[in-house]
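Student: Need a 3D model of the sequence below.
(one chain, ligands or ions: 1)
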Amino acid sequence: MKTSQPGPRAARSTAATQASAQPSPPSAAPPSDAVVRARAEALIARMTPEEKAGQITQYFDFLTAQDEAKRVSTEVAAGRAGSLLFVADPVEINRLQRIAVEQTRLGIPLLFGYDLIHGFRTILPVPLAMAASWDPDLVERAQAVAAAEARAVGLHWAFAPMVDIARDPRWGRMIEGAGEDPYLGAAMAAAQVRGFQGPYLGSPDRVIAGPKHFAGYGAALGGRDYDEVNLSDNELWNVYLPPFKAAVDAGAGNIMTAYMGLNGVPATGNHWLLTDVLRKAWGFAGFVVTDAGAAASLQTHGVARDLADAGVKALSAGVDMEMAPPFGEAAFKTLPGALAAGRITTPQLDDAVRRVLEAKIRLGLFEQPYVDVARASEVLADPAHRAVARQAAERSAVLLRNEGALLPLDPHALRRIAVLGPLADAARETVGPWVFQQDDSETVTVLAGIRARLGDAVRIDTTPGVSIPARQFSSIFEGPEHARAPRIAVDDDAEIERAVNYARGADVAIVVLGEAQIMIGENASRSSLDLPGRQQQLLDAVLATATPTVVLLMSARPLDLRGSAPQALMTIWYPGSQGGAAVAGLLFGDVAPGGKLPFNWPRNIGQLPLPYARLNSHQPSSAEQRYWNEPNTPLYAFGYGLSYSSFSYAKLHIDRQKITPAERMSVSVELTNTGRRVADEVAQLYIHQRYGASARPVRELKGFQRVTLAPGETRTLRFTLGPEHLRYWTASARAFVHDDSVFDVFVGGDSSASLSASFEVCKA
Ligand code: BGC
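Tutor: Numbering: from 1, shown residues only. All right, here's what the predicted structure looks like:
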C-alpha cells in the first residue's frame, strides 16, 4: 500500500465509528496512515469477537438463489459479514449497505467485491490479449474504465489483476494473465493495479486491486485447474513471484490466495508464502483474502482436521479475510471459539480486522456508503468507455502470417466476400469468459463489424459452417447469461458445403475459428490444442478452394492448426464489446496490427512446456532437434507479431563496456520503419548472463517499447539496464545475487532477435 499524505479528511475524522446515512462528497486527498489506523483501532476496541470474525468474512450473494440471498441478508443484519461478492445491481447494493449501516450495532459499511477481470458493462479484450498489446499505458486506461463502471454501481474491489504466470496453455486460466514472462507480467500487473486504484488507494471512481492467485497457480500439473503445483524456489522467485512483487510495489490494497497446494502446503495455509514473503520480506500492508472457499478446503487438501482447524490454520498463515464457500459454511465463523480455546490470539484477530477496516476507511465508505443509481446508468453508457475498449482490441491483435501482403484488404477492390466460421457472428463468444454485466445486443461481432465497415458496396455471404460442441460449464457462475450462450448448432455437412460454395464465389474468405469462451477460463482446461469440433475440416475445405483466405483466431491459448497455411492468420483473442469494429479496422487497414505474442506458440501439445526463456543445459547445439520426430522450436516465438509495415534495427550501442553491479548503463538502437505506412513496432530487449552461480536463461526480456513510426522514419530508442535487471535469485545463496559475469544484450522485434552486443559486470 502506498504511504499516503495527510489530507483534509485527516483533520476531521478521528472518531469514525458511525457511518453517516447521508452521502457526503468524497475528499480530494487521502488521509494519513496514522489517521486511518487510529480510526480502525477505535472501532476494534468496541467490537466483540463475533463482530470481528464477521468483519473478516465475505459471502457470495447470488440473487438467483433466493434462500442463499436471504441467508446473506440475515448475516449482514446480525453484523456477521464484512464483505459481499457478486452483487452488481446498485439498488441491491444500496439495500444491503443500508442494512449494514443502519441496522447493525456498529454501522460498519460492507465492502463489495467483484470479478472485474476484463470490464464490467464495457467489455475489454481478455487480459492475455491486453498483454499482447505490450502497452502498459493502454492497459492502465482500460482497467480505469472497468474501475469507473464498477465503482459507479457501488463496487469497491476488483478480484484482479490475475498475475499468474502461465507456461502451459492447457490451463484455461492462462486467458486471465499476461502469459509466460515475468518481466512482461510484472509490467502488466503494475499497470493494472494503477488502472484499478488510481493515484492512491481510495481515489474517486476507482476500486481496490486484488492481484491473484498468490502464488504458483499457473504451474498446475498437466495444466489441470486446481491441481497441485511443485515449483523449485528458483522458479518461484525468478518466474512466478515477480508479477506479484510488482503489484505490491504498485500499491495493491489486496492479495488473493491460490487454491492449490504449493510444494505440499496449500497456498491458503502457507505461512512462509503469506507471512514470511508477502508481509515480512515485501512489506505488504493491505489485506489478504482467500480464494472462494479456500480456507474451508484446507480440510480437503488434508491439512486441517475440521472446519475450526481450517479457520485457525488460514488466519495463522496470514489470511485476513475468508471468501466463504458459496453455499457452504465459513471457516472464520469458528474463530471466536478458537479465541476462547486459546488457539488464536486477540492481536492476531485484530490485525486481520484492522486491515479490512483500513481498506473501508481509505475508500471513504464511512462518509459515503451509498451510490447514486442515476449516475451509475450514465457512467455505464459512456461512449468514451467503448472507445477505449475498441482501441484495446485494435492494439491487442497479433498478425502471425501475411503471405503476399493479403492484408490489409482494399475494400474498393472487393465485390464479394465470404465471412465464415462458428465465431464470426457469436456475440457471447466475442466478449470472452469473465463477464456478467455485458449487453450482448451491444456487442459488435466480427461479421457486424465488417458489415458496418463495408456498407452495401460489397456482397457478404456468411455461414457458421460448423458448430462448436461445448459441454455446459457446470460452475457456481452458471446463470442466465451462460444459458443464453449460443451453442452454435448447425447441420455440419450441409453447412460446410455451403461455406465452400461461398468461399469459391468470393474474392476473399474470412474464417473466424477458435474456442467457445466456455472452453477457457476457470475450470476449463483442455488436453488438446486442436480446433474443437469440425473446424479444421471446415478450414481445410475452404483452403482447398484456393480463394485467398484470412483466418481470424478467437482464442486465448495457442491452437494447433496442424500446419494449415492460410495466406493470413491473425489472433484476435476474445476482443470484447467493440471487438468486431476493431477487427474490421484491422482487416481493411484503418489501423495496422502491432501486437506481439506474450507466449511461445508451440507446434503441438507434445512440446509443452516450451518457454522461450529456457536454459542451455547440455549440448545446446542439438537443442533444435531434441525430439526424434520434429524440431523443438516454437511455431511462433515469444514476442513475435507482424505489421503492415516493416522495421529494421541497427547501430546497437552500449554506453559502457564494464559496470559494477550497482551501476546502470544505457543501451540504444536505431529503429527504422522501412515500409510504406505508419505502423507500430514493439522493440524488445533481452539479456543473457553467460556464467555465474546458477545457469541463466538463453534469453530474458528486460525492456520493451511500443512506438509508432511514419514510413521512412528512424528513431533512436534508449533502454536502461540496472541492478534490478541483472540480479536473480539463486538457491546457492537463497537470495537475490549479482554475479560477476559477461552479459549479452539482444534487441529486436521478437525473442529471436539477432542484433547483439555484450558488456561485463564486475564488483571490483
Ligand atoms: C476464482 C477466483 C475468483 C473467485 C470469485 C474463484 O473460483 O478462482 O479467481 O475471484 O472464484 O469469483
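Student: Point out the residues in the stretch 51-200 of the chain that sit beside the ligand.
Tutor: 115, 159 (Cβ under 6 Å from any ligand atom). The way it works is simple: take the backbone N, C-alpha and C, and place the C-beta from them, glycine included.
Student: list the contacts for the residue in the stretch 251-400 of the chain that the ligand sits nearest to?
Tutor: Ranked by Cβ to the nearest ligand atom, the top residue of the stretch 251-400 of the chain for proximity to the ligand is Ala292, at 4.0 Å. Residues in contact with Ala292 (Cβ atoms under 8 Å, 6 or more residues apart in numbering) are 60, 323-326, 476.
Student: what secondary structure does it sit in?
Tutor: coil (DSSP: H, G, I helix; E, B strand; the rest coil).
Student: Show me the helices in the stretch 501-650 of the chain, by range?
Tutor: 535-543, 579-587 (DSSP state H, counting those that start in this stretch).
Student: before we move on, the earlier item: from the contacts of Ala292, which land in helices?
Tutor: Assignment to helices by DSSP state H places none of these there.
Student: Mind putting those residues into JSON lines with distance to Trp601?
Tutor: Output for the contacts of Ala292, formatted as JSON lines (distance: Cβ to Cβ, whole Å):
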{"residue": "Phe60", "distance to Trp601": "37"}
{"residue": "Met323", "distance to Trp601": "35"}
{"residue": "Ala324", "distance to Trp601": "40"}
{"residue": "Pro325", "distance to Trp601": "37"}
{"residue": "Pro326", "distance to Trp601": "36"}
{"residue": "Ile476", "distance to Trp601": "32"}
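Student: Just the ones of the residues you listed in strands?
Tutor: Assigned to strands by DSSP state E, the following of these qualify: 60, 323.
Student: Highest mean neighbour count out of the helices of the stretch 501-650 of the chain?
Tutor: helix 579-587 (a mean of 27; mean count of other Cβ atoms under 10 Å).
Student: Show me what that one is packed against.
Tutor: On a contact count with 3 or more Cβ pairs under 8 Å, 6 or more residues apart in numbering; DSSP states H and E, helix 579-587 meets helix 383-396, helix 446-454.
Student: Tabulate those helices (a markdown table), appending mean pLDDT and mean neighbour count.
Tutor: Listed next are the helices and strands packed on helix 579-587 as a markdown table, based on pLDDT from 0 to 100; neighbours: other Cβ atoms under 10 Å:
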| stretch | mean pLDDT | mean neighbour count |
| --- | --- | --- |
| helix 383-396 | 98 | 22 |
| helix 446-454 | 98 | 21 |
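Student: can you put those helices in a markdown table and add distance to the ligand?
Tutor: Formatted as a markdown table, the helices and strands packed on helix 579-587 follow (distance: least, Cβ to the nearest ligand atom, whole Å):
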| stretch | distance to the ligand |
| --- | --- |
| helix 383-396 | 21 |
| helix 446-454 | 28 |
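Student: Where does the stretch 501-650 of the chain get nearest to the ligand, which residue?
Tutor: For the stretch 501-650 of the chain, Cβ to the nearest ligand atom, closest residue to the ligand: Glu522, 5.6 Å.
Student: Give me the nearest residue to that residue, chain neighbours excluded.
Tutor: Once flanking residues are discounted, Glu522 sits nearest to Arg173: 5.9 Å by Cβ to Cβ, 6 or more residues apart in numbering.
Student: Domain ranges for this structure, per the record?
Tutor: Domain assignment of the chain by automatic domain parsing yields the ranges 404-599, 647-761.
Student: tell me the most buried of the ones you listed?
Tutor: When the domains of the chain are compared using mean count of other Cβ under 10 Å, domain 404-599 is most buried, at a mean of 21.
Student: And the average pLDDT for stretch 505-518 is what?
Tutor: For stretch 505-518, the per-residue pLDDT values average out at 97.
Student: Next, the distance between the ends of it.
Tutor: End-to-end distance for stretch 505-518: 33 Å, by Cα to Cα, to the nearest Å.
Student: Same check on stretch 723-741?
Tutor: 13 Å.
Student: cool, stretch 190-208 as well?
Tutor: With Cα to Cα, one end of stretch 190-208 sits 13 Å from the other.
Student: State the mean pLDDT of that stretch.
Tutor: The model assigns stretch 190-208 a mean pLDDT of 98.
Student: and what of stretch 621-638?
Tutor: The model assigns stretch 621-638 a mean pLDDT of 87.
Student: what sits up against it?
Tutor: Residues contacting stretch 621-638 (Cβ under 8 Å, 6+ apart): 179-181, 400, 558, 597-604, 606-607, 610-613, 616-617, 701, 750-752.
Student: circling back: hey, least reliable of the domains of the chain by pLDDT?
Tutor: Checking each of these, the one with the poorest mean pLDDT is domain 404-599, at a mean of 91.
Student: Tell me how many other residues surround whichever residue of the chain sits closest to the ligand.
Tutor: Taking Cβ to the nearest ligand atom, the ligand has its nearest neighbour within the chain at Phe159, 3.6 Å off. Neighbourhood size, Phe159 [other Cβ atoms under 10 Å]: 24.
Student: which residues does it contact?
Tutor: If you count contacts by Cβ under 8 Å, 6+ apart, then Phe159 has 85, 113-117, 210, 212, 256 around it.
Student: Narrow these to those in helices?
Tutor: Using DSSP H to define helices, no part of the contacts of Phe159 is located there.
Student: Up against the ligand, what does this protein have?
Tutor: So far as Cβ under 6 Å from any ligand atom goes, the chain lies against the ligand at 115, 159, 212, 291-292, 522.
Student: Now do the SS call for the closest residue to Met519 other than its chain neighbours.
Tutor: Leaving aside its chain neighbours, Met519 sits nearest to Ala470 (5.9 Å; criterion: Cβ to Cβ, 6+ apart). Counting by three-state DSSP, the backbone at Ala470 sits in coil.
Student: what's near enough to touch Ala470?
Tutor: 487, 516, 518-519, 532.
Student: in the stretch 651-764 of the chain, which spans are helices?
Tutor: 723-726.
Student: doesn't Leu124 make contact with Tyr574?
Tutor: No. Assessed by Cβ atoms under 8 Å, Tyr574 is found out of contact with Leu124, at 9.8 Å.
Student: Let me see the ranges of the helices in the stretch 51-200 of the chain.
Tutor: 66-77, 90-98, 127-132, 136-153, 182-197.
Student: Could you export those to TSV, including columns for mean neighbour count?
Tutor: Formatted as TSV, those follow (neighbours: other Cβ atoms under 10 Å):
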stretch	mean neighbour count
helix 66-77	16
helix 90-98	18
helix 127-132	30
helix 136-153	24
helix 182-197	26
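Student: for those, which one sits closest to Leu454?
Tutor: Shortest distance between Leu454 and the helices of the stretch 51-200 of the chain, using Cβ to Cβ, is found for helix 127-132: 24.5 Å.
Student: Next up, the contacts around the residue nearest to Glu522.
Tutor: Taking Cβ under 8 Å, 6+ apart, we find Arg173 in contact with 162, 164, 166, 217-218, 225, 521-522.
Student: redo that, cut-off 10 Å
Tutor: Listed by Cβ atoms under 10 Å, 6 or more residues apart in numbering, the contact set of Arg173 reads 128, 162, 164, 166, 213, 217-218, 220, 223, 225-226, 433-434, 520-525, 556.
Student: Show me those that map onto strands.
Tutor: Using DSSP E, none of the contacts of Arg173 sit in strands.
Student: So for stretch 566-583, first residue to last residue, what's the gap.
Tutor: Stretch 566-583 end-to-end distance (Cα to Cα) = 17 Å.
Student: Oops, could you answer that again for stretch 290-305 instead?
Tutor: With Cα to Cα, one end of stretch 290-305 sits 19 Å from the other.
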